[in-house]
Every structure is written in C-alpha cells, then in structure tokens.
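Trainee: this one's sequence-less:
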Ligand SMILES: NC(=O)c1ccc[n+]([C@@H]2O[C@H](COP(=O)([O-])OP(=O)(O)OC[C@H]3O[C@@H](n4cnc5c(N)ncnc54)[C@H](O)[C@@H]3O)[C@@H](O)[C@H]2O)c1
C-alpha cells in the first residue's frame, strides 16, 4: 500500500523545491514550514431531537507576516488538522502571489453538513465562532466561505462574533450576504478569477477560448461559476461533475440551465439532472477526457500520479486547492501539460474578500463593475508576475507562483526583523 496522502507534506515538498530555485538558505524560510498557531476545538451541539453530539473543529494561522490571517472555513466529514494546516499555508502563498496585505489561515469542522438540519447548522456555526473568538477579529484573522459553507453561514458567524464584541463587526468575516456588509461580486469572485486566468493562459498559448473544450470537476461555488462564465465566453463545456457523478455531452452542455437547476433547491445534485444527448461518466473519466482545458474544482488529491498519466487536457487550471499531488504534478510536467496552479488560479475569492473587508472598514460600498474591474486588474497582474518569473527561471507556473509568493514573504520577514 502507498503512503497515505498528507496535504501538508505535499505543501512542504513544493515549498522546498521553490526555495531551492530561489537559492534560499533554509534559515530564510524555515518558519514557513511551521504554522504560527494551531487551535483545535470541541463543539458541543444540541441536535433537534434533544441529544448532544460533539464535533471537532480547527483554526490554523500559518503566517501573519504580511497582514491578518485570512482564509475560509470548511465543513466536511474528512476535515483533519493536516488538511487545515495545508490549506492555511496555501492561503499565505495565495495572498502573497496577488499581493494583498494578508497572511494565511484556514478553519474547518469535521462534519457532514448534509446530515444536519438548518437549525443544527446554525447552532454549530455560532458555537464554532464563540470558540474561535479569542483568536479572530477584523485585524487578526478573517474567515470566509469554503467547501460546504456559504454567505448564510458567514452571516451567522458574524452575528455570533458581533454579539460577543457588543457591536456590529462586519469585518470579521467575508463572503457575507450583501445586506449585512457583503460585497457585490464576492459570490462569483473565485469562478470569475478562474475565467480571467484561463483567458490569459489561452492568449499566452495562442488558442481561442471560443469553441475550446472544457471539463470541470465540481459544480459548487467555484466549479459551477467557472463553468458558467467560460460558457459565456464561448467555451464548449463538455463535462461537469459533483459528488453524485459526472455528466457529459460531446456537443457541449447548457451550463446556464444546469446551474439554474442546481441552485433551485438546497442539496440538488447532478444525478437528478437530465436532458437529451447527455451521458453519465465517472469522475475519473472526466479528469482524463480529451479536452483543451481541465478545471478540477472540487477537492484536493484528485490528479494523482496514476490519473495524471492519462490526462489528455492541454491545460489544467486548478480551481480547487491542492487538486494535483506532488507526484501527479511531475507527471503532468513531463507530459508538457501546462498547469495554472491553485495559489494563482483560485485567488479571485480572496481578492474580492479583501475588497469586502476594505469596504467594511470604510463603511462604504463599491458597485459591482468596480469590484469586477479591480479583481481583473489584480489577478491579471498576479498572472503576469507568475508567468514572467516562470519564463525567466525556465520552470513551471507552479514553481513561478511559489517563487513569487515565497520571495515576498521572506522579504517582508527580513524587513520586519523576525528572522
Ligand atoms: N469558495 C471559495 O471562494 C474558494 C476560493 C478558493 C478556493 N476554493 C476551493 O475550491 C474548491 C471547491 O470549493 P467550493 O467553495 O466550490 O465548494 P462547494 O461546496 O461550493 O462545492 C464543492 C463541489 O465539489 C463537489 N464534490 C465534492 N466531492 C466531490 C468528489 N469526490 N468528486 C467530485 N465532486 C465532488 C460537490 O458536490 C460540489 O459540487 C475547494 O478546494 C476550495 O478550497 C474555494
């Protein structure tokens, strides 16, 4: 049996490789190997039937060198400390790649939220916020949505924190409903960012998005939105999947109709969607389709070495965090598949979270056009920084992105005199 997948070890391997390319001494970056703070909490929850269950939750603060910790909170049955640690580190690098003034953090609760009622989910979120209260805040650590959490959950979280503070404190989380301090454009920001970087890479590689064949794994906030916006750009989205399986049509799927179907009710899945010409394929088949662009936008550890051997896409744009393993990445590199890495591709969410936080601090709101235009400016700038660094060092875009990120964090560390 192979070694168990550990996302934190995967992160460390990439970090070492990028640091070597930057000619850093280990002393220069050793502190990035250790999260600054790891908090584990036990969350007692009164269930609707009166019984009590205890769920485990985490908040990891990886690096605060460049600003307050920033990163989402995930509700999923597989959440564990190593996953949260890796996700927190990736947030530090992501914020540095696009140069927003944040460090990295991440949180999660080990729970299958589909098994909870709405009331139970709200009580769980409020208790989790209360337990994190001593270590979060608008200038300290600012959570946001991630897998299985959304604007509604952020609203409850913000309310619980504000109650403890004794005043409304919208800047403690981002991704909130618009009516209570959320930003226009935040809901679609990660998917929109993916659309922008996909457009930029298509320009660099000289192919048109119009008619380009795309497969997307994951139909949630990130995958669903990316699929929809690329569909609007004229891409032919031939496959889309979720936890219930994948759908495929070689002539292209009607993504607007599919997203409308999924969003009509909480918990709707692709297995219940049907239309003439559609066939059902496995998630593995989706990942190995003969397409121009593959967008894994569900969870980590999808493009393993075995699956990567069979990947036929020309370009992989990582919507999810950590979808490609270290070994899988080497296989893709050897095959000449261009990978736009997660820490660049999916940072539209944290960019607009930053705009939301700025609006909250100033008690001011921007219109959606301003949000989308500034998102485009920052992410395209990040893309060009990564592209140029990779070209100069004759390396992959992943290494280019890590070199940009680590370079910025190490410089800030030296300037602060923490080394
Ligand atoms: N929400 C954000 O702003 C944001 C920002 C950056 C990165 N991300 C990352 O993007 C990824 C997706 O996050 P999201 O916010 O879209 O979550 P989500 O909960 O909205 O959607 C997740 C999607 O993945 C599907 N899925 C789950 N397990 C699967 C499996 N085994 N096979 C295929 N599909 C599966 C789900 O059914 C759902 O369609 C995560 O890696 C997350 O960390 C999210």
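Mentor: That came through, no problem. As the structure is a prediction and not an experimental result, all values here were calculated from the model.
Trainee: run a quick neighbour tally on the residue in the chain that the ligand sits nearest to.
Mentor: Closest to the ligand within the chain is residue 220: 1.8 Å, counting by Cβ to the nearest ligand atom. Yep, even glycine has a C-beta here, placed from its N, CA and C like the rest. Per other Cβ atoms under 10 Å, the neighbour tally for residue 220 reads 19.
Trainee: so what's it scoring on pLDDT?
Mentor: Confidence per residue is given as pLDDT, and for residue 220 that number is 95.
Trainee: am I right that it is in contact with residue 147?
Mentor: Yes - with contact defined as Cβ atoms under 8 Å, residue 220 and residue 147 form a contacting pair (7.3 Å).
Trainee: for the residue of the chain closest to the ligand, give me phi and psi.
Mentor: Dihedral angles phi and psi of residue 220 (degrees, to the nearest 10) take the values phi -90, psi -150.
Trainee: show me the contacts for it.
Mentor: Shown in contact with residue 220 (Cβ atoms under 8 Å, 6 or more residues apart in numbering): 147, 242, 297-298.
Trainee: most neighbours among those, which one?
Mentor: Greatest neighbour count in the contacts of residue 220, by other Cβ under 10 Å, goes to residue 297: 32 neighbours.
Trainee: sorry, back to before: and the ligand, which of the contacts of residue 220 reach it?
Mentor: 147, 242, 297-298 (Cβ under 6 Å from any ligand atom).
Trainee: pick out the most distant pair among the residues you listed.
Mentor: Looking at those by Cβ to Cβ, the two members farthest from one another are 147 and 242, with 11.8 Å of separation.
Trainee: who in this structure is up against the ligand?
Mentor: Residues of the chain that fall close to the ligand, judged by Cβ under 6 Å from any ligand atom: 145-148, 190, 217-223, 241-243, 283, 297-299, 319-321, 346, 349.
Trainee: residue 53 and residue 45 touch, don't they?
Mentor: Yes - under the criterion of Cβ under 8 Å, residue 53 makes contact with residue 45 at 5.4 Å.
Trainee: neighbour count winner among those two?
Mentor: Each of residue 53 and residue 45 has its neighbours counted (other Cβ under 10 Å); residue 45 has more, 20 against 13.
Trainee: elements contacting the helix or strand harbouring residue 412?
Mentor: Here residue 412, judged by DSSP states H and E, is contained in helix 397-416. Here helix 397-416 touches helix 7-21, helix 26-29, helix 81-97, strand 338-340, helix 342-345, helix 368-393, going by 3 or more Cβ pairs under 8 Å, 6 or more residues apart in numbering; DSSP states H and E.
Trainee: next, the buried residues of the longest one.
Mentor: If I follow you right, that is helix 368-393. Judged by neighbour count using 16 or more other Cβ atoms under 10 Å, the buried positions of helix 368-393 are 371-372, 374-376, 378-380, 382-383, 385-387, 389-390.
Trainee: specify the angle between that helix and helix 397-416 in degrees.
Mentor: In this structure, helix 368-393 runs at an angle of 100 degrees to helix 397-416, with axes from the mean of the first three to the mean of the last three Cα atoms, to 10 degrees as the basis.
Trainee: helix 368-393 packs against which elements?
Mentor: Using 3+ Cβ pairs under 8 Å, 6+ apart: helix 368-393 touches helix 81-97, helix 189-204, helix 342-345, helix 348-362, helix 397-416.
Trainee: just name the most buried of those helices.
Mentor: Among the helices and strands packed on helix 368-393, ranked by average contacts under mean count of other Cβ atoms under 10 Å, first place goes to helix 342-345 (a mean of 28).
Trainee: how far is that one from where the chain is centred?
Mentor: Using Cα atoms, centre = their mean, to the nearest Å, we find the averaged C-alpha position of helix 342-345 to lie 8 Å away from the chain's own average C-alpha position.
Trainee: measure residue 80 to residue 74 for me?
Mentor: Distance of residue 80 to residue 74, given as Cβ to Cβ, to the nearest Å: 11 Å.
Trainee: show me which of the two is the more surrounded one.
Mentor: In this comparison of residue 80 against residue 74, neighbours counted by other Cβ under 10 Å, the higher total goes to residue 74 at 26 against 15.
Trainee: secondary structure class for the more buried one?
Mentor: Each residue gets one of three states, and residue 74 gets strand by DSSP: H, G, I helix; E, B strand; the rest coil.
Trainee: tell me how far residue 329 lies from residue 225.
Mentor: If you measure residue 329 against residue 225 using Cβ to Cβ, the figure is 25 Å.
Trainee: same question, residue 201
Mentor: Taking Cβ to Cβ as the measure, residue 201 falls 18 Å from residue 225.
Trainee: kindly report the same for residue 103.
Mentor: Using Cβ to Cβ, one gets 26 Å for the distance from residue 103 to residue 225.
Trainee: show me this structure divided up by domain.
Mentor: Residue ranges of the domains in the chain are recorded as 7-170, 189-336, according to automatic domain parsing.
Trainee: output those domains as TSV; include the columns distance to residue 183.
Mentor: Below are these laid out as TSV (distance: least, Cβ to Cβ, whole Å):
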stretch	distance to residue 183
domain 7-170	10
domain 189-336	8
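Trainee: which one of these lies nearest to residue 411?
Mentor: Shortest distance between residue 411 and these, using Cβ to Cβ, is found for domain 7-170: 9.6 Å.
Trainee: not counting sequence-adjacent ones, nearest residue to residue 291?
Mentor: residue 213 (4.2 Å; Cβ to Cβ, 6 or more residues apart in numbering).
Trainee: and for residue 211?
Mentor: With Cβ to Cβ, 6+ apart as the criterion, residue 211 has its nearest non-adjacent residue at 5.9 Å, and that residue is residue 236.
Trainee: you'd agree the one you found is up against residue 215?
Mentor: No - using Cβ under 8 Å, residue 236 is not in contact with residue 215, being 10.2 Å away.
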